[in-house]
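Undergrad: After the sequence you'll find the predicted model.
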Amino acid sequence: MAPALIHARGLTKRFGTLTAVDAVDFDVAPGEAFGFLGPNGAGKTSTMRMIGCVSPRSGGELRVLGMDPDTNGSRIRSRLGVVPQEDTLDTELTVFENLLIYGRYFDISYRETRRRATELLEFVQLNERRGDLVEKLSGGMKRRLTIARALINEPDLALLDEPTTGLDPQARHLVWERLYRLKQRGVTLALTTHNMDEAEQLCDRLVVMDKAKIVAEGSPRELIERYVTREVLELRFPVGVQETLDGQFEGLGDRVEQLPDRVLVYAADGEAAATAAHERGLRPESVLVRRSSLEDVFLRLTGRTLIE
Amino acid sequence: MALAGVRHLEHNVLVYRRVWRGTAFSTLLSPILFLSAMGLALGSLVPGVTRFGGVSYLAFLAPGLLAAQAMQTATLESSWPLFAGFKWLKTFEGAIATPQRPHDIVLGHLYWLVVRLGIVTGIFLLVMLAFGAASVGLALVAWPAAILTGLAFGMPMAAWTATRQTESSFPVVFRFVVTPLFLFSGTFFPIEQLPELVRPVAWLTPLFHGVALTRALALGHGLDPVVLLIHVAVLAALVAMGTLVALRTFRRRLIV
């Protein structure tokens, strides 16, 4: 295996008495799409910022592109493409000017930056908006511009912190499609996400973070096989009824998860579990049997839904 | 790697190219209004200012206003616009995700202040020439003095802005620091007019040194080298101190 692009051992970040990242270990290989999954406050962004060399680590070992962020921050950053969680575009400038100045930040000549900017605007389908002030763009367009901007230096490693949060489905699919193309080109991706589809579609491998620690690691398929059953039975009851049924779900499947709005029964055979529920006299408003997903893994590992 | 801070200057110039029209009118109008109302109209009631070789009030007032204008421009430029970079637009966060470092932003801001002050005080000096309140030769000597005066406010203000979490204290700075200095630092009258007890206080205010230096050079009068050197030293010390503190506060704000 080629040497890891990101190599972390015991990586730790403390803010005063709060430990945001607690001794995490992971490696990201060249060409890989690697995901960080976790609820808000799990330490994903802090991890990304340490990798991005804008936040010094409090402890442990970290190598990015084979270098130490503490001593080679500028050199590492010159080969990174960063999409931060919140847009950092200059809304007083036009779409094109935002790319232009960002290229300059990487010491790329105006001539070359102009060439790349035109190409990148084509890539993210913003070419007809190149002369517009960023202020006037929709959230999805700003996100695409931020992605284009992150590619102005033709990075070896792209760091994407929640690249599609807050986007409508069309914009989200467009971003996914562009990220997928990027991966095809051989750019290594490290991303954090709240979105299970995103993780399943884009990530070769991911880690689940909870309370500053990594609680699981693997490919999406592996994680599903390891932590949950093949199928899930979802039962919804009329408002107020679920609370009165405490204890009546025991043994319906391998495991039962009671969410505020529904009950999840994990079982190899969802239909059989549904029949068993019916035989017990349970009369849910709706019954759904589906394949289990990454979201179920997440629930299992962190005890809460991802999007809160 | 280019000279530290140059990219940030380029960014500011790029933004300025887009917004300069909005400020151009007031930059030109403000000295015209002040010099006609206070210099000509009010000045007609004031006898020649004997301490400065009997020059007209207009000629006395204009360099003082020039220095005060530099203070206001630089203080303003180091408040809301910088705060936007930290908090509203987060463009500084975007910049440090590239090879740029916090000190590039500090130095770039310093360069930008020089450019911006050069434009504002340059236009002011042109208006002074048009009013016959200065000669071309002396105006060229007073120009860098006015820019230095602005920097003496702009850099300490920049250092402080990097520590702010809200913009609520900026108006306070203008009300309780900038405006009183504008009124009592010798801009409108020689500080000898102040009660003897408060006169030493004027010596402690940075604008006094800026006004005294700019005025002496613009009028070519009262050019005691020792005194001028003291003025320059005070202003330069403020620029240096402000820049050094800004290097710390910007770093603390951006690298967490």
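TA: The structure has been received and is ready for your questions. Residues are numbered from 1 along each chain as shown, chains lettered A, B, ... in the order given.
Undergrad: Can you pull out the low-pLDDT segments for the chain?
TA: The chain I'm using is chain A. Scanning chain A for pLDDT under 70 picks out the ranges A:1-2, A:304-308.
Undergrad: that answer is for a different chain, and I need it for chain B
TA: The model of chain B has pLDDT under 70 over residues B:1.
Undergrad: What residue in it comes nearest to chain A?
TA: At 3.3 Å from chain A, B:Gly94 is the closest residue in chain B, using Cβ to the nearest Cβ. In short, each C-beta sits where N, CA and C put it, glycine included.
Undergrad: What helix or strand is that residue located in?
TA: Element membership of B:Gly94 [criterion: DSSP states H and E] is helix B:91-96.
Undergrad: What of A:Ile214?
TA: Element membership for A:Ile214 (DSSP H and E) is strand A:213-218.
Undergrad: Might you report the residue contacts of A:Ala277?
TA: A:233, A:235, A:249, A:252, A:265, A:284, A:287 (Cβ atoms under 8 Å, 6 or more residues apart in numbering or on different chains).
Undergrad: Skipping adjacent residues, who's closest to the residue in the stretch 1-150 of chain A that chain B sits nearest to in space?
TA: Closest approach of the stretch 1-150 of chain A to chain B (Cβ to the nearest Cβ) occurs at A:Thr88, with a separation of 3.3 Å. Spatial nearest neighbour of A:Thr88, excluding adjacent residues (Cβ to Cβ, 6 or more residues apart in numbering or on different chains): B:Gly94 at 3.3 Å.
Undergrad: ok, now how distant is that neighbour from B:Leu247?
TA: Separation of B:Gly94 from B:Leu247 (Cβ to Cβ, to the nearest Å) stands at 20 Å.
Undergrad: Which one's more surrounded, these two?
TA: B:Gly94 (26 against 17; other Cβ atoms under 10 Å in any protein chain shown).
Undergrad: Can you get me the start-to-end distance on stretch A:262-278?
TA: Taking Cα to Cα, to the nearest Å as the measure, stretch A:262-278 stretches 16 Å from start to finish.
Undergrad: That stretch: which residues count as buried?
TA: By 16 or more other Cβ atoms under 10 Å in any protein chain shown, the buried positions in stretch A:262-278 come out as A:262-267, A:270, A:273-274, A:276-277.
Undergrad: still on that earlier bit, from memory the residue of the stretch 1-150 of chain A closest to chain B sits against B:Thr98, does it?
TA: No - between A:Thr88 and B:Thr98 there is no contact under Cβ atoms under 8 Å: 10.8 Å.
Undergrad: Of these two, give the one with the bigger neighbour count.
TA: Legend: neighbour count by other Cβ under 10 Å for A:Thr88 and B:Thr98, higher for B:Thr98 (25 against 22).
Undergrad: Find the nearest non-adjacent residue to the more buried one, please.
TA: A:Tyr105 (3.9 Å).
Undergrad: before we move on, the earlier item: could you say which helix or strand holds the residue of the stretch 1-150 of chain A closest to chain B?
TA: Applying DSSP H and E, one finds A:Thr88 in no helix or strand.
Undergrad: ok now do it, which residues does it touch?
TA: By Cβ under 8 Å, 6+ apart, the contact list for A:Thr88 reads A:146, B:89-91, B:93-94, B:97.
Undergrad: hmm, 6 Å instead?
TA: Applying Cβ atoms under 6 Å, 6 or more residues apart in numbering or on different chains, we find A:Thr88 in contact with B:90-91, B:93-94.
Undergrad: Make a ChimeraX selection of whichever of those turn out to be buried.
TA: A single ChimeraX command selects the buried members of the contacts of A:Thr88 (16+ other Cβ under 10 Å):
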select /B:90,91,93,94
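Undergrad: Serialize the contacts of A:Thr88 to a markdown table and add fields for distance to B:Gly118.
TA: Supplementary listing: those in a markdown table, determined by distance: Cβ to Cβ, whole Å:
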| residue | distance to B:Gly118 |
| --- | --- |
| B:Lys90 | 28 |
| B:Thr91 | 23 |
| B:Glu93 | 29 |
| B:Gly94 | 27 |
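Undergrad: how about the residues of chain A near chain B?
TA: A:52, A:54, A:74, A:77-78, A:82, A:88, A:90, A:92, A:97, A:101, A:104-107 (Cβ under 6 Å from any Cβ of the partner chain).
Undergrad: could you pull out the strands for the stretch 101-250 of chain A?
TA: Under the criterion DSSP state E, counting those that start in this stretch, strands of the stretch 101-250 of chain A are mapped to A:157-161, A:188-193, A:205-210, A:213-218, A:231-236.
Undergrad: could those go into a markdown table alongside mean neighbour count?
TA: Formatted as a markdown table, the strands of the stretch 101-250 of chain A follow (neighbours: other Cβ atoms under 10 Å in any protein chain shown):
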| stretch | mean neighbour count |
| --- | --- |
| strand A:157-161 | 24 |
| strand A:188-193 | 24 |
| strand A:205-210 | 23 |
| strand A:213-218 | 17 |
| strand A:231-236 | 22 |
